[in-house]
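Participant: dropping the sequence and predicted coords here.
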Amino acid sequence: MNMNGFKKKRRKRSPKQIQKDKTWAACSKYVRIRDANMQGYEECYTCGKFGYWKEMQAGHAFGGRGGSVLFDTDIIKPQCYACNCINHGKYDIFIPKLERERGSKFIQEKSREQSQDKEYSLEELKAKEEDFKLRTVQLKNYDLII
């Protein structure tokens, strides 16, 4: 309720926004299961804390979650809540670690992509969601931890 005692009118979400959320959920699940061990545990990419895949989050190397890198699983890694939310992604650790693993050229390319806007159609989002779901069930540890 607002100060006048009236309920705030909730803005209706578009089918595209609803689909974007579903696609992100499928992407996040894929990343977290992909990086989990056979018992379902994984290490936070930035602090090293171990947690069960369902308790972890999927964090991006670059802030803003722009359209062009939103679903880029090359730069999305498991993170604990503290690193991803409270410490805003810990980019000071995330990016240098990713650079050591993939090289500076990779980081420069992804940084350029991050600054580009990408608007997905509803159909593209649905296709991406299905792709993430398929990739998830094909993971070697999927049957063991689900």
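Facilitator: That came through, no problem.

Participant: CA only for contacts and neighbour counts going forward, please
Facilitator: Will do.

Participant: what helices and strands are in contact with whichever helix in the chain runs longest?
Facilitator: Longest helix in the chain by number of residues (criterion: DSSP state H): helix 15-34. Packing partners of helix 15-34 (3 or more CA pairs under 8 Å, 6 or more residues apart in numbering; DSSP states H and E): strand 57-60, strand 76-79, helix 122-137.

Participant: which one of the ones you listed lies nearest to Met38?
Facilitator: helix 122-137 (13.9 Å; CA to CA).

Participant: what does whatever helix or strand comes next after that closest one contact?
Facilitator: Next helix or strand after helix 122-137 toward the C-terminus (DSSP states H and E): helix 142-145. Helix 142-145 is contacted from outside by 33, 38-40, 136-137, using CA atoms under 8 Å, 6 or more residues apart in numbering.

Participant: centroid residue for this protein?
Facilitator: Nearest to the mean C-alpha position of the chain, by CA atoms, centre = their mean, lies Ala58 at 3.9 Å.
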